[in-house]
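K.L.:
kindly generate the corresponding structure for this input.
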Amino acid sequence: MTYIRLSIAKPRRGEETRTLELMQRLSEIAATQPGCSASYVLRPHDESGEIARIAIYESEHAAESVANTQTVLSLRSELHLAIEAGHTERAFFSV
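P.N.:
Residues are numbered from 1 along each chain as shown. So this is what the prediction gives:
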């Protein structure tokens, strides 16, 4: 069953470039891991300033394996310092 992770964040003022770099690095790492079918960084069509990241995995287990690596945990810690509070982290299963 396909498992999808979606993160939507708004950079703090002055952290737009850093947020984009961190999201891209997280996406690149996920894309190279076993069980990840695809990973993308997205910008909305509007002017909200948000940046999103979507990763498509073969299973929840594959997603958890990637999320719990030291590199990903470290990058996510950096990301939390660059974004506004209240970002969205969602996960979905295919139906």
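K.L.:
what separates Tyr3 from Ile83, distance-wise?
P.N.:
Distance, Tyr3 to Ile83, by Cβ to Cβ, to the nearest Å: 23 Å. Every residue, glycine included, has its C-beta placed from N, CA and C.
K.L.:
centroid-nearest residue for the protein?
P.N.:
The centroid of the chain falls nearest to Arg53 when counting by Cα atoms, centre = their mean (4.0 Å).
K.L.:
and after the helix or strand encompassing that residue, which helix or strand comes next?
P.N.:
Using DSSP states H and E, Arg53 sits in strand 51-57. Note on strand 51-57: by DSSP H and E, the next helix or strand toward the C-terminus is helix 60-67.
K.L.:
tell me what angle that next one forms with strand 51-57.
P.N.:
130 degrees (axes from the mean of the first three to the mean of the last three Cα atoms, to 10 degrees).
K.L.:
and the contacts of the helix or strand that helix 60-67 is followed by?
P.N.:
Scanning forward in sequence from helix 60-67 by DSSP H and E, the next helix or strand is helix 70-82. Taking contacts as Cβ atoms under 8 Å, 6 or more residues apart in numbering, the residues outside helix 70-82 that touch it are 9, 11-12, 15, 18-19, 22-23, 25-26, 29-30, 66-67.
K.L.:
what's the helix or strand following helix 70-82 packed up against?
P.N.:
With elements assigned by DSSP H and E, the helix or strand that comes after helix 70-82 is strand 88-93. With contacts defined as 3 or more Cβ pairs under 8 Å, 6 or more residues apart in numbering; DSSP states H and E, the secondary structure elements packing on strand 88-93 are strand 3-9, helix 60-67.
K.L.:
which of the residues in the longest one are buried?
P.N.:
If I follow you right, that is helix 60-67. For helix 60-67, a neighbour-count test (16 or more other Cβ atoms under 10 Å) marks Ala62, Ala63, Ser65, Val66, Ala67 as buried.
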